[in-house]
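Asks: predicted coordinates and the sequence they were generated for:
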Amino acid sequence: MDSLLDAVRRHALAHADANGIAPTPIPGLTTVRAIAPSGLVYAISRPLACLVVQGAKQVTLGTQAFPFSAGDSLLITADVPTVSQITRASSGAPYLSLVLELDPAVVAELVAEMKAAPVGDVAPVRVEPTDAEVADAALRLMRLLDRPASVPVLQAQLVREMHYWLLTGRHGPAIRRLGWPDSHAQRVGKAVAVLRTEFARPLRVEHLAGVAGMSPSSFHQHFRSVTSLSPLQFQKQLRLIEARRLMQAEGLAASRAAFEVGYESVPQFTREYGRLFGLPPVRDARAARGEVAA
């Protein structure tokens with residue numbers, strides 16, 4: 001019988017794209033494969049659980065680093081800016097992981113049914129050994145992929161079960177915050193959803209505070225508590241990460257990418273890009289293509 005490692009390996013080998021990402025027919029469930037250590041990857045992650053089954057990785061939030069390896073699970077419970085890097089991988093022993101995006105609606109249903117008590121603010125990123133029940137539920141999800149006809153019938157209950165075991169396990173207190181009605185995390189999440197779709201527009205904090213149902217001062221405080229950034233910093237990182245993608249994946253010039261994501265000043269874009277990524281836009285794009293900068 002397959003282990004979780006075997007199941008993830010087979011799916012990733014068959015379906016991974018050039019970046020090692022292999023989506024599945026189950027919404028929110030993805031496998032990741034890499035045959036060499038990676039460079040730094042900048043992202044604003046959505047709430048997720050990442051189960052590593054081979055190799056090792058590190059995620060950094062601010063100044064705090066979270067190394068994890070086979071047998072560990074990374075939990076992210078808020079939309080936070082992270083820098084990640086695969087630190088152990090080879091062609092003989094690739095890095096392999098299973099990623100499940102957390103569904104706040106499922107978490108809320110389970111928290112209500114479990115009559116779980118609310119929790120205070122907790123760190124949005126954490127690493128723990130993977131609970132056996134979580135790994136077992138993940139394996140049964142992966143086995144569904146070998147029986148395509150079963151996926152639409154059984155996926156919802158197995159995804160729900162995996163959320164349940166995450167809630168009752170080591171990561172439970174952190175995940176519970178996602179499902180508590182009208183929590184600060186949920187309110188901030190509504191504003192983050194708007195920011196993700198409208199980041200290229202001028203930022204109106206009063207509008208975002210209204211979406212979150214908070215006063216502007218309270219919104220600033222709780223937004224930073226949940227995401228580790230101010231709303232303006234969050235928007236800036238969204239813009240810069242998208243601009244980097246446009247230059248590296250679609251070949252846009254730096255000035256065009258800057259205007260596409262909402263910058264009006266190319267020099268300002270260049271300065272802020274260099275602060276975040278360590279290189280100015282043109283040199284960073286060349287480095288990503290493996291070219292030698294002039």
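Replies: Looks like it arrived, so ask away.

Asks: so for stretch 110-130, what's the average pLDDT?
Replies: The average pLDDT within stretch 110-130 is 80.

Asks: pull the distance from it to the chain's centre.
Replies: From the chain centre to the centre of stretch 110-130 is a distance of 17 Å (C-alpha atoms, centre = their mean, to the nearest Å).

Asks: what's it in contact with?
Replies: 51, 59, 61, 64, 66-68, 71-78, 80, 82, 160, 163-164, 167-174, 176-177, 179-180, 183-184, 225-228 (C-beta atoms under 8 Å, 6 or more residues apart in numbering). All C-beta atoms are positioned from the backbone trio N, CA, C, and that covers glycine.

Asks: just those residues: which are in strands?
Replies: Judged by DSSP state E, these include 51, 59, 61, 64, 66-68, 72-76, 80, 82 as members of strands.

Asks: so the residue most central in space within the chain bridges to which residues?
Replies: Central residue of the chain (C-alpha atoms, centre = their mean): residue 45, 2.7 Å from the mean position. Residue 45 has these beta-bridge partners by DSSP bridges: residue 80.

Asks: what subset of the contacts of stretch 110-130 is buried?
Replies: Neighbour-count burial (16 or more other C-beta atoms under 10 Å) applied to the contacts of stretch 110-130 gives 51, 59, 61, 66, 68, 72-78, 80, 82, 163-164, 167-172, 174, 176-177, 179-180, 183-184, 226-228.

Asks: correct me, but residue 37 touches residue 85?
Replies: Yes: using C-beta atoms under 8 Å, residue 37 is in contact with residue 85, at 7.2 Å.

Asks: from memory residue 209 sits against residue 221, does it?
Replies: No: Residue 209 is beyond contact range of residue 221, at 10.8 Å (criterion: C-beta under 8 Å).

Asks: quick one: residues in contact with the helix or strand containing residue 85.
Replies: Secondary structure from DSSP states H and E places residue 85 in strand 80-88. Residues from elsewhere that reach strand 80-88, judged by C-beta under 8 Å, 6+ apart: 34, 36-45, 55-61, 67, 69, 76, 95, 124-125, 227-229, 234, 237.

Asks: may I see the PyMOL selection of the buried members of those?
Replies: Restricted to buried positions by 16+ other C-beta under 10 Å, the PyMOL selection for these reads:
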select buried, resi 34+44+45+55+56+57+58+59+60+61+69+76+95+124+125+227+228+229+234+237
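
Asks: name the residues of the host helix or strand of residue 211 that are buried.
Replies: Element membership for residue 211, per DSSP H and E: helix 205-212. Neighbour-count burial for helix 205-212, counted by 16+ other C-beta under 10 Å, picks out 205, 208, 209, 211, 212.

Asks: any idea how far residue 278 is from the fourth one?
Replies: In other words, residue 211. 33 Å (C-beta to C-beta, to the nearest Å).

Asks: give the burial count for residue 27, as a bare number.
Replies: Using other C-beta atoms under 10 Å, residue 27 has 12 other residues around it.

Asks: any idea how far residue 78 is from it?
Replies: Counting by C-beta to C-beta, the gap from residue 27 to residue 78 is 20 Å.

Asks: can you check residue 267 too?
Replies: Taking C-beta to C-beta, one finds residue 267 at 32 Å from residue 78.

Asks: residue 272 too?
Replies: From residue 272 to residue 78 the distance is 23 Å (C-beta to C-beta).

Asks: swap in residue 211?
Replies: Here residue 211 is placed at a distance of 16 Å from residue 78 (C-beta to C-beta).

Asks: cool, and residue 264?
Replies: In terms of C-beta to C-beta, residue 264 sits 30 Å off from residue 78.

Asks: likewise for residue 135?
Replies: Separation of residue 135 from residue 78 (C-beta to C-beta): 24 Å.

Asks: equivalent analysis for residue 136, please.
Replies: Applying C-beta to C-beta to residue 136 and residue 78 gives a distance of 27 Å.

Asks: helix, strand, or coil at the closest residue to residue 23 other than its chain neighbours?
Replies: In this structure, residue 23 finds its nearest non-sequential neighbour in residue 30, 5.2 Å apart by C-beta to C-beta, 6 or more residues apart in numbering. Under DSSP: H, G, I helix; E, B strand; the rest coil, the three-state class of residue 30 is strand.
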